[in-house]
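1. output the structure for:
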Amino acid sequence: MMPAKPNHDSGTDTSSQIMVVDDDRLVLATLTRGLKSRGYEVSGFASGNEALLAYRLDPPDLVMLDMRMPGLSGTETAAGMLAHAHRPILMLSAYDDRAIVHEAVKLGVAGYLIKPIEVNQIVPTIEATLARFAEIAALMANTEKLRDGMEQNRTISTAVGILMERAGLTPDQAFEHLRQLARHQRRGLREVTAEIIQATTLINSAASPRP
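-> Below is the predicted model:
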């Protein structure tokens, strides 16, 4: 299942399926109810284990996933989801979750949102994320086999996350920066993003204390 093209006339794509995962029942109910009122098909889960099982049965178009949950954590849940099928994941973060955000970025999540969250404020982010994911999928369909294409999607998402964290960019700004960089250097997007990830890995490794 790949995300359908957003319906810009209504502001949302009513065919888009969103999974919301949060152990806070009030937050879960509020987001689920609010997103349904905007025309999305929404499924809500209060634990990472339940969400991961449902994801493996039928991956949605987008996941909104709380970072801090008892049992299976947000990052563990995201890792399990992305290992099965790559879909855009927006992590729900508190202001003091910087270390966890860093781990999530390395997994290849699409972005993160800071709590508290208002539905009317996050709809543009959801639409932009779905559109970006669909655009990447379309690019891959023209040039890559499915297996290689899914890996490229993961690579691009990881590079976008790195630029968001390091340069303070939004997901859209980070993706556009990657496209402009690839065009300017006359290289493929896959090559540029892989190079960014490799350089970041080397820098992190050099900065880590040695035993």
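2. give me the pLDDT value at residue 11.
-> Per-residue pLDDT puts residue 11 at 45.
3. for the protein, what spans make up the helices?
-> 25-37, 48-57, 74-84, 98-107, 119-143, 146-167, 171-185, 189-207 (DSSP state H).
4. of those, which is nearest residue 91?
-> With Cβ to Cβ as the criterion, residue 91 lies closest to helix 98-107 of the helices of the chain, at 5.0 Å. In this view, the C-beta of every residue, glycine as well, is placed from N, C-alpha and C.
5. which positions in that closest one come out as buried?
-> Neighbour-count burial for helix 98-107 flags 100, 101, 103, 104, 105, 106, 107 (criterion: 16 or more other Cβ atoms under 10 Å).
6. closest one of these to residue 45?
-> residue 104 (17.8 Å).
7. ok, the closest residue to that closest one other than its chain neighbours - contacts?
-> Among residues not flanking residue 104 along the chain, residue 91 sits closest, at 5.0 Å (Cβ to Cβ, 6 or more residues apart in numbering). Contacts here follow Cβ atoms under 8 Å, 6 or more residues apart in numbering; on that basis residue 91 touches 65, 66, 67, 74, 78, 101, 104, 109, 111, 112, 113.
8. one more: residue 178?
-> If you count contacts by Cβ under 8 Å, 6+ apart, then residue 178 has 156, 159, 160, 163, 189, 192, 193, 196 around it.
9. please name the nearest non-neighbouring residue to the last one.
-> Using Cβ to Cβ, 6+ apart and skipping the chain neighbours, the partner closest in space to residue 196 is residue 159 (4.8 Å).
10. repeat for the fourth one
-> Here the nearest residue to residue 163 in space, its sequence neighbours aside, is residue 174; by Cβ to Cβ, 6+ apart that works out to 3.8 Å.
11. with the fifth one instead?
-> Here the nearest residue to residue 189 in space, its sequence neighbours aside, is residue 182; by Cβ to Cβ, 6+ apart that works out to 4.7 Å.
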